[in-house]
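Q: I'd like to go over a predicted model; first the sequence, then the structure.
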Amino acid sequence: MATATHVTPAPARIEVTPKVDRLVSLDAYRGLIMLTLISHGFGLSVLQSYPNWAWLARQVDHTEWTGCTFWDLIQPAFTFMVGMAMPFAFARRTAEGATTFDLFRHVAWRSLVLIVLSNVLSNFNSRQGRPVLQLINVLCQIAFGYLLCFLITRLRFPWQVACGVGLLAGYWALFVLFPGTDRAFSKTDNIGAAIDLKLLGYNYPGYYTTINFIGNAITILFGCWAGMLMLLDRPPAYKLKVLGGCAIAAFALGLALEPFNPMVKRLWTASFTLFSAGWVIVMLMALYWIVDVKQQRKWAFPFLVLGMNSIFIYSFSQVLRGWLDRGLGVFTGNFWYFGELGAIPQNLLVLVAMWSMCYWLYKKNIYIRI
């Protein structure tokens with residue numbers, strides 16, 4: 001996720017501060033999520049065989065189908081931050097003289113680059129011997145949602161809300177109107193899987209579907225609205241109250257929908273979209289309060305280093321993390337003397353090495369962005 005820091009529109013009829021200040025908590029948030037994303041669960045999955053720690057191992061893996069774990073919240077947080085960065089970047093570009101068409105051209109080009117980069121990264125270590133088009137990687141899903149949310153945020157705010165509600169309702173209706181063998185949200189032959197099989201000729205592993213981008217786009221839209229809120233010339237207390245109210249509403253609506261609309265991250269259902277948004281907003285509130293309001297920033301420096309070069313570290317992790325792990329393992333023996341628990345210090349060492357790369361780039365003022 002890594003491309004959140006530079007883009008978004010100033011919505012119609014919303015006054016913003018004359019100077020578009022950088023939201024440091026957003027960089028810290030991005031870095032924290034990137035750290036988690038590239039961690040491979042910190043090696044904690046080995047704790048599954050330890051009864052007292054099995055709960056922790058479950059939290060660093062996706063739920064099998066219904067429900068929500070901490071690991072299921074990483075992509076929503078990632079995409080939420082993409083949306084949140086959009087108002088800041090678009091306001092800055094508009095202040096520099098960019099027109100709506102200029103912004104659209106930038107968004108369209110960036111979306112295309114994300115789709116291409118996504119497919120390069122996904123196919124780089126492929127064992128199939130040939131490239132295979134995929135549209136479910138996080139960068140592809142962001143690309144579709146990014147473009148869609150740009151168009152939506154060109155509207156007046158009430159119409160933006162109407163579009164968001166309509167998209168969620170329409171996405172839900174699509175599954176209900178075209179059920180699989182095991183009802184609307186059938187794991188193997190839901191409408192999303194049927195569309196992929198028809199258009200692509202295959203289904204993705206893990207029961208993911210291309211049309212997940214619709215729910216993903218709503219998460220990005222929530223991020224856009226959070227960014228718009230942060231741009232308002234209002235005191236932090238007001239912004240925290242609004243965010244808190246939104247988090248409570250998201251939790252309540254997500255849980256209320258769950259009996260009728262299962263919470264399935266792999267399909268990004270409406271209940272999951274709302275429930276995960278609640279957690280994502282709570283995390284944002286905590287970081288905003290600590291980093292931007294209380295100005296306690298020293299502790300967040302390791303996250304800021306990753307957040308400033310998120311596209312680099314994400315790409316490196318996708319292509320070369322295994323190589324780095326094997327190389328370091330030659331010298332550490334993968335900490336064999338700890339038994340299977342050696343996976344934990346080995347993963348931490350790989351993380352330190354990757355962070356050090358970002359730190360070198362940071363010290364050289366090198367930031368790789370799209």
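A: Yep, it's here.
Q: Now do the buried residues in whichever strand or helix holds T332.
A: According to DSSP states H and E, T332 maps onto helix 310-332. By 16 or more other CB atoms under 10 Å, the buried positions in helix 310-332 come out as 310-318, 321, 324-325, 329. Quick note: C-beta positions are derived from backbone N, CA and C, even for glycine.
Q: Tell me the helix or strand right after it.
A: Taking DSSP H and E, what comes next after helix 310-332 is helix 343-363.
Q: Return the set of buried residues in that following helix.
A: Applying 16+ other CB under 10 Å to helix 343-363 flags 343-344, 346-347, 349-351, 354-355, 357-359, 361-362 as buried.
Q: And for stretch 129-145?
A: Buried residues in stretch 129-145, counted by 16+ other CB under 10 Å: 134-145.
Q: Kindly report the same for stretch 246-257.
A: In stretch 246-257, the ones that count as buried by 16+ other CB under 10 Å are 246-247, 250-251, 253-254, 257.
Q: so how far is it from its chain's centroid?
A: Counting by CA atoms, centre = their mean, to the nearest Å, stretch 246-257 is centred 19 Å from the centre of its parent chain.
Q: Run through who's touching that stretch.
A: The contact list for stretch 246-257 (CB atoms under 8 Å, 6 or more residues apart in numbering) reads 222, 263, 270-278, 281-282, 285.
Q: re earlier: out of the buried residues of stretch 129-145, list just those in helices.
A: The members of the buried residues of stretch 129-145 that map onto helices under DSSP state H are 138-145.
Q: Can you tell me which of the residues you listed is nearest L56?
A: Comparing those against L56 with CB to CB picks out V138 as the nearest, at 23.9 Å.
Q: Would you agree the closest one is in contact with Q75?
A: Yes. Contact criterion CB atoms under 8 Å: V138 and Q75 qualify, at 5.7 Å.
Q: which residues of this protein fall in helices?
A: Assigned by DSSP H, the chain shows helices spanning 24-37, 54-59, 74-95, 100-124, 138-152, 157-177, 191-199, 213-231, 236-257, 270-287, 301-307, 310-332, 343-363.
Q: wait, isn't I220 in contact with L147?
A: No. Judged on CB under 8 Å, I220 makes no contact with L147 at a distance of 10.0 Å.
Q: Tell me who's in contact with T100.
A: Per CB under 8 Å, 6+ apart, neighbours of T100: R154.
Q: distance of it from Y202?
A: As judged by CB to CB, to the nearest Å, T100 and Y202 stand 38 Å apart.
Q: Please apply the same query to D325.
A: Distance, D325 to Y202, using CB to CB: 29 Å.
Q: got a pLDDT number for the closest residue to N347 other than its chain neighbours?
A: The shortest distance from N347 to any non-neighbouring residue, by CB to CB, 6 or more residues apart in numbering, is to G43 (3.6 Å). Per-residue confidence at G43 stands at 93 (pLDDT).
Q: next one: L121
A: L121 carries a pLDDT value of 91.
Q: So, low pLDDT: which residues of the stretch 201-350 of the chain?
A: Applying pLDDT under 70 to the stretch 201-350 of the chain picks out no residues at all.
Q: Other residues contacting stretch 50-62?
A: With CB under 8 Å, 6+ apart, stretch 50-62 has contacts from 41-42, 44-48, 69-72, 265-266.
Q: I'd like the residues you listed as a markdown table, with distance to W55 and neighbour count appended.
A: Output for these, formatted as a markdown table (distance: CB to CB, whole Å; neighbours: other CB atoms under 10 Å):
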| residue | distance to W55 | neighbour count |
| --- | --- | --- |
| G41 | 14 | 19 |
| F42 | 15 | 15 |
| L44 | 11 | 20 |
| S45 | 12 | 18 |
| V46 | 14 | 18 |
| L47 | 9 | 22 |
| Q48 | 10 | 16 |
| T69 | 10 | 16 |
| F70 | 11 | 14 |
| W71 | 13 | 17 |
| D72 | 15 | 21 |
| K265 | 18 | 25 |
| R266 | 21 | 23 |
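Q: how about stretch 101-109: buried residues?
A: Result for stretch 101-109 [16+ other CB under 10 Å]: buried residues 103-104, 106-107.
Q: average pLDDT across that stretch?
A: pLDDT averaged over stretch 101-109 gives 96.
Q: what about dumping the CA coordinates of that stretch to PDB?
A: C-alpha atoms of stretch 101-109 as PDB (Å, rounded to 0.1, in the frame of the first residue of the first chain):
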ATOM      1  CA  PHE A 101      -8.900  17.300 -15.600                       C
ATOM      2  CA  ASP A 102      -5.300  17.500 -14.400                       C
ATOM      3  CA  LEU A 103      -6.300  15.600 -11.300                       C
ATOM      4  CA  PHE A 104      -8.200  13.000 -13.200                       C
ATOM      5  CA  ARG A 105      -5.300  12.500 -15.600                       C
ATOM      6  CA  HIS A 106      -3.000  12.000 -12.600                       C
ATOM      7  CA  VAL A 107      -5.400   9.600 -10.900                       C
ATOM      8  CA  ALA A 108      -6.000   7.500 -14.100                       C
ATOM      9  CA  TRP A 109      -2.200   7.300 -14.800                       C
END
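Q: still on that earlier bit, who's more crowded, I220 and L147?
A: I220 (31 against 20; other CB atoms under 10 Å).
Q: got the contact list for that one?
A: Taking CB under 8 Å, 6+ apart, we find I220 in contact with 79-80, 82-83, 86, 142, 145-146, 148-149.
Q: Just give the closest residue to it, not the sequence neighbours.
A: Nearest one to I220, counting by CB to CB, 6+ apart, is G83 at 3.8 Å.
Q: My read is that the one you found contacts N216, right?
A: No. G83 lies out of contact with N216 (CB under 8 Å); the separation is 10.1 Å.
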